[in-house]
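Chemist: Provide a 3D model corresponding to the input given below.
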Amino acid sequence: MRNLVWTITFLFCATLTAQDAYETGMQKAFDLWEANETIAASQLFERISRVEKENWLPSFYVATIEIIGSFGIKEEAKLKAKLTKAQTFLDEAKTLSENNPEILITQAMLNTAYIAFDGQKYGMTLSAKNNRLYEKALRLAPNNPRVVLGSAEWEMGTAEFFQQSIAKSCEKVNRAVVLFADDSPAKFHPSWGEERAQTILKKCKMQ
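Modeler: Here you go, the predicted model:
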């Protein structure tokens, strides 16, 4: 009986230690990211992902950092290197969390990075994929403000490209702003978007 109690206590303490290490590492990675030390942040998220093999978040953030960093790159080889790495980690996140709307809209953002680089080369195939990704994300999480905002931005970009009205997209942005007021994601889960939604809404009001 004494051995059983000792074993349970040991396992409990080990679990707490692992959880503390995870939270400390994740917070450090976010601090590095906020300080614009993106390479160090990505590397730390990557190391955490090797330990947290059943947690989608570290791999997700490696992908997110690489995707964001790809916008504005002028050389296709460099762009593909970053986005190939991003896709690898995003695929890892997908295997750990299927039908996750946050992952779906991040996949759409990755596709958008290719389109922004060369719309003529990538636009036709990836635009259709993005439409499906946002449709699926909205079905899964119609009240997720990041999903609503991402869908609105995508539709807005398409409308502007074809010189069409962005009024419906602006309605979506306004809805996203309302949804952000009640957004309360779990610790370390995606929580971005409110400031961006407010900025886009101001643009809408100027139309």
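Chemist: what residue ranges in this structure score low on pLDDT?
Modeler: Along the chain, segments meeting pLDDT under 70 span 1-18.
Chemist: Domains in this protein, by residue range?
Modeler: Using automatic domain parsing, the domain parsing of the chain gives 20-116, 142-207.
Chemist: Any chance of TSV for the ones you listed, columns distance to Thr125 and mean neighbour count?
Modeler: For the C-beta atoms, the positions are set from N, CA and C on the backbone; glycine is no exception. Below are those laid out as TSV (distance: least, Cβ to Cβ, whole Å; neighbours: other Cβ atoms under 10 Å):
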stretch	distance to Thr125	mean neighbour count
domain 20-116	9	18
domain 142-207	15	16
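Chemist: Minimum distance to Tyr122: which of those domains has it?
Modeler: Smallest distance to Tyr122 across the domains of the chain (Cβ to Cβ): 4.2 Å, for domain 20-116.
Chemist: show me what contacts Ile67?
Modeler: Ile67 sits next to Lys82, Leu83, Ala86, Thr106, Met109, Leu110, Ala113 when contact means Cβ atoms under 8 Å, 6 or more residues apart in numbering.
Chemist: Serialize those residues to a markdown table and add fields for secondary structure and distance to Val173.
Modeler: Shown next, in a markdown table, are the contacts of Ile67 (DSSP: H, G, I helix; E, B strand; the rest coil; distance: Cβ to Cβ, whole Å):
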| residue | secondary structure | distance to Val173 |
| --- | --- | --- |
| Lys82 | helix | 28 |
| Leu83 | helix | 26 |
| Ala86 | helix | 26 |
| Thr106 | helix | 19 |
| Met109 | helix | 17 |
| Leu110 | helix | 22 |
| Ala113 | helix | 21 |
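Chemist: Identify the farthest-apart pair in those.
Modeler: Top of the distance list for the contacts of Ile67 (Cβ to Cβ): Lys82 and Thr106, 14.0 Å.
Chemist: hang on, the earlier thing: just put the contacts of Ile67 in JSON lines and tack on distance to Leu32.
Modeler: Formatted as JSON lines, these follow (distance: Cβ to Cβ, whole Å):
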{"residue": "Lys82", "distance to Leu32": "18"}
{"residue": "Leu83", "distance to Leu32": "21"}
{"residue": "Ala86", "distance to Leu32": "18"}
{"residue": "Thr106", "distance to Leu32": "20"}
{"residue": "Met109", "distance to Leu32": "21"}
{"residue": "Leu110", "distance to Leu32": "22"}
{"residue": "Ala113", "distance to Leu32": "22"}
